[in-house]
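# Return atomic coordinates for the entry below.
(2 chains)
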Amino acid sequence: MARRAFWLRVLTAFAMVAAFMIAPGPADAQKKGGVLRVGNLGEPPSLDAHWTTASITETLTNHIYEGLFSLDRDNKPIPMLAESYTISKDGLTYTFKLRSGIKFHNGKEMTSEDVVASLTRWGKQSIYGKALFAQVAELRAVDPLTVQMQLKEKSAIVLISLAVPNNFGAIYPKEIAEKFAPEVKVTEYVGTGPYKLAEWKPDQYIRMVRFDEYKSRNEKPNGYGGGKTAWLDEIRWVPVPEVATRVAQVETGELDFADDLNLDAYDRLKGNANARPIISKPYYWLVAVFNKKEGLMTNQKLRQAWQAAIDIEPIMKNVAGGKKEFYRMDSSLAPVEISAWHTKISGLPWDEHNRDKAKRLLQEAGYKKEPIRFMTTQEYKWMYDFALLTKQQLEDVGFNIDLQVVDWATLVKRRNNPKEYDVFTTGIGAAYDPTHHVYLTPSWPGWTTDEGIQKIQQELARETDPKKRMALWEQQTRQFYEKVPVIRYGDLFGLRAARNTVKGFNESTERVRFYNVWLDK
Amino acid sequence: MLAYLVRRLLAVIPVMAVVVTVVFLLIHLIPGDPVSVMLGPDATPTQIEATRKALGLDGPILEQLLGFYGRVLRGDLGQSYFLDRPVTTAILERAEPTLVLMVCALLVAVAIGVPSGIVAAAHRGSIWDRVLMIGSLLGVCVPGFWLSLNFIYLFAVRLGWLPAAGYASLFTEPATALRYMVLPAVSLGFNQSALIARISRSCMLEALQQDYVRTARAKGLPQRAVTYVHALRNALVPVVTVIGVTTAVLIGGAVITEIVFNIPGLGRLVISAILRRDYPVVQGVVLVTAATYVLINLGVDLLYAFIDPRIRYD
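Here you go, the predicted structure:
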């Protein structure tokens, strides 16, 4: 009897400990208040989301504005300012029902007129807007909460274009959308987002404060979209151009969060008791873009020789500072994180490091050691590193690479002139739809005008059946590795840091978002 | 004196004209384009062309230069492409941090440099002389950014005594401002003190070998009085020149210090403006810096007359 009582007591004790461990402690409760100080690398060129593709503008403006759609955790479109939508049987008419009672930061209620004016402006300036509006016949307000989009032809990209976070279809009040011509940047910043702009002091800070009248969706947070709560009183974005200083300021607690850090800070952050490193994926896949309009690299055999020659793993390892956590070997043109478009095709001529094949292709190309102008920059260390290693590997098989190291502003200027270069380095960020892969378009530097590639891109823009689209995308991927418009290296990841007091941060989105984040101080 | 002043001030005009032209041509002739930077990596060439036109960057360069002259003469430095404000406003906003840093760093530099130079000279060949001069050699040799980053690591990250970086206005929060200013002022001041120390030492040595010093000693004056009253004042003229030059260097923005310690001053402004090719800002900052430089030099020249009454300007 005594024995039984003993075991009963032990059991009860265990049960209590277990219950205590499972139940959410008070530390997990969300808290309202506080100022989150975020260190980022510079000034945005503008806070007009329609106007620029700069990623810093994307990050900042997504806290101020919202579009009709957003992306869920699988990077698929979900409604944001739209309540619901219907598509006509012929696929040519999209009718969007807007959420009611949505207020702008200036107190005005959002209506269909604001949506039409904003999207019309976005359709003239944004790269995604322009691509969509090439297919749009008419956009009109049916009633105060209904917008109708009439298409010229069937389109697969309506919802995704309205959902992309970069250069996005932010809804501004009609008065602002009409006041500023598309090519002139907006200088009045009024949106519907959970935070509103309070103050912008260039090189000192951008202050965003909670928008008290924000009306959240009822769903749970989901990727970039879903319910959004502004727990913080204020987000203070502090430009700290020197990366070592950004790290130090997280260590000392002067910053709560820092973005775009050098990978060599990883170990130091891991050893810090008050802060933690966060690996950001997807970040970029490294790319060498060929000039296919003029010069040596118009020769497809030469491009194939480059692809055959390079040994990607050692390059990635070096760029990632020798850390496996920071790179991934993958031939898919969409990263794993964009699960809808990630492909698993075996036998592609990717990462072959086949020197004999490369030499044979060089011969077939009729290459006579003419110097190939390969443009890169030291402003982004990873670009310079992978360019330098590529040069060594290529020269081992008989290429003659003239590595031209310039500053980033020079590179982005020169790459528009087909006479000035043969190859340049950059990174390919997340593209949420096959039609958004810029290096497959004829207008982006490098000029992929190949008829076969363009034909599939056009079909991809029109085909609406997801299965057929995926088949087309796989076909495009195979064609990519045959025609080699650019060289796909591996995926590189980025590094961020957060103080342990920062809670609720979603680590799985490409760019940072601080709605739903709270401070436990 | 007045005639001299007017002459010197008039001489500023051609200097400024040359500076303005050279800067304009340099920044426009180096490759790179503000519009491609602003519109982001995925912008298309047609988009870029439209924006170039909107900013007035599509005209011939000489036409743009003449337009620039015209505006400068009217006191208008133009509008920043990036910052959405007039260049003069941007410069005025950044002037305070740079001036505060300049004054603090200068105080540190003089406080370290002049005494160590004098002590080294007074005790020439002694162990003090060697230690101080090796210290000043280090000051010249150690790169500013390296020193700054180590200061941050030691005093902010490890010891937690001072903030790592940032800026607060001296006029609104003086206590915080001083805490922020310690590390940048010391690391910059230490660098600048080196030259001042070496010049002070050699000028002092020269002064100590003059006849009047021998006379003073012969009169039986104590060594202290000889060194600090008679020799020091005569040794100061070149030291003032060096301090003036240091001031002028600092006014252009102690670029690296401002970047590492995240001080929103003129140095940071001009560097980011160069990287993003914000032409009006680069031109404006260089113009203002050059003008200040010339004026400081003038000020130093006038100061000579007070230190050394033998110097006269007619």
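# what about the longest strand in chain A?
Ranked by residue count and defined by DSSP state E, the top strand of chain A is strand A:275-290.
# Contact partners for the residue nearest the centre of chain A?
Here the mean C-alpha position of chain A is nearest to the C-alpha of A:Ala430 (C-alpha atoms, centre = their mean), at a distance of 4.3 Å. Contacts of A:Ala430 were listed using C-beta atoms under 8 Å, 6 or more residues apart in numbering or on different chains, and they are A:Asn75, A:Pro282, A:Pro335, A:Glu337, A:Ile338, A:Glu510. (Each C-beta comes from the backbone N, C-alpha and C, glycine too.)
# With adjacent residues omitted, what lies nearest to the fifth one?
On the basis of C-beta to C-beta, 6 or more residues apart in numbering or on different chains, the spatially nearest residue to A:Ile338 that is not a chain neighbour turns out to be A:Asn75, at 4.9 Å.
# ok, so what distance separates that neighbour from chain B?
When distances are taken as C-beta to the nearest C-beta, to the nearest Å, A:Asn75 and chain B turn out to be 17 Å apart.
# Do I have it right that A:Glu459 meets A:Trp473?
No: in terms of C-beta atoms under 8 Å, A:Glu459 does not count as a neighbour of A:Trp473; the distance is 10.2 Å.
# neighbour-wise, which of the two wins?
A:Trp473 (23 against 16; other C-beta atoms under 10 Å in any protein chain shown).
# would the more buried one count as being in a strand?
No: the secondary structure assignment for A:Trp473 gives helix rather than a strand, going by DSSP: H, G, I helix; E, B strand; the rest coil.
# burial measure for the residue nearest to it when sequence neighbours are not counted, as a count.
Using C-beta to C-beta, 6+ apart and skipping residues adjacent in sequence, the residue nearest A:Trp473 is A:Pro434, 4.9 Å away. Neighbour count for A:Pro434, taken as other C-beta under 10 Å: 25.
# which residues touch A:Pro434?
A:Pro434 makes contacts with A:Ala334, A:Trp341, A:Leu440, A:Gln457, A:Leu460, A:Arg469, A:Leu472, A:Trp473, A:Gln476, as judged by C-beta under 8 Å, 6+ apart.
# As TSV, the residues you listed with secondary structure would be great.
Below are these laid out as TSV (three-state DSSP):
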residue	secondary structure
A:Ala334	coil
A:Trp341	helix
A:Leu440	helix
A:Gln457	helix
A:Leu460	helix
A:Arg469	helix
A:Leu472	helix
A:Trp473	helix
A:Gln476	helix
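# Let's have those in TSV, adding distance to B:Arg277 and pLDDT.
What follows is the contacts of A:Pro434, written out as TSV (distance: C-beta to C-beta, whole Å; pLDDT from 0 to 100):
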residue	distance to B:Arg277	pLDDT
A:Ala334	33	95
A:Trp341	35	94
A:Leu440	29	95
A:Gln457	32	95
A:Leu460	36	94
A:Arg469	40	95
A:Leu472	40	97
A:Trp473	38	97
A:Gln476	36	97
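# who touches B:Gln209 in this structure?
No residues are in contact with B:Gln209 under the rule C-beta under 8 Å, 6+ apart.
# Go again with 10 Å.
In this structure, B:Gln209 makes contact with B:Ala231, judged by C-beta atoms under 10 Å, 6 or more residues apart in numbering or on different chains.
# got it, and A:Asn272?
A:Val247, A:Val250, A:Glu251, A:Ala497, A:Arg499, A:Asn500, B:Val157.
# How much space separates the residue nearest to A:Trp473 from A:Asp407?
33 Å (C-beta to C-beta, to the nearest Å).
# got it, and B:Ser148?
B:Ser148 sits 23 Å away from A:Asp407, going by C-beta to C-beta.
# Of the two, which one has the most company?
Neighbours were counted for B:Ser148 and for A:Asp407 using other C-beta under 10 Å; B:Ser148 has more, 26 against 17.
# tell me the pLDDT at the residue lying closest to B:Thr51 once chain neighbours are set aside?
Of all residues not flanking B:Thr51 in the chain, B:Val35 sits nearest, at 4.7 Å (C-beta to C-beta, 6+ apart). Listed pLDDT for B:Val35 reads 81.
# before we move on, what about A:Leu263?
At A:Leu263, the pLDDT recorded in the model is 89.
# nearest residue to it other than its sequence neighbours?
By the measure of C-beta to C-beta, 6+ apart, the closest residue to A:Leu263 outside its immediate chain neighbours is A:Gly321, 4.4 Å from it.
# Could you pick out the residues of the stretch 51-200 of chain B near chain A for me?
Along the stretch 51-200 of chain B, the residues adjacent to chain A under the rule C-beta under 10 Å from any C-beta of the partner chain are B:51-55, B:80-85, B:90, B:93-94, B:97, B:145, B:148-149, B:152-153, B:155-158, B:160, B:162-167.
# Neighbours of B:Asn234, how many?
One way to gauge burial is a neighbour count; for B:Asn234, by other C-beta under 10 Å, it gives 17.
# what do you get for the one 5 residues further on?
Other residues within reach of B:Val239, judged by other C-beta under 10 Å, total 24.
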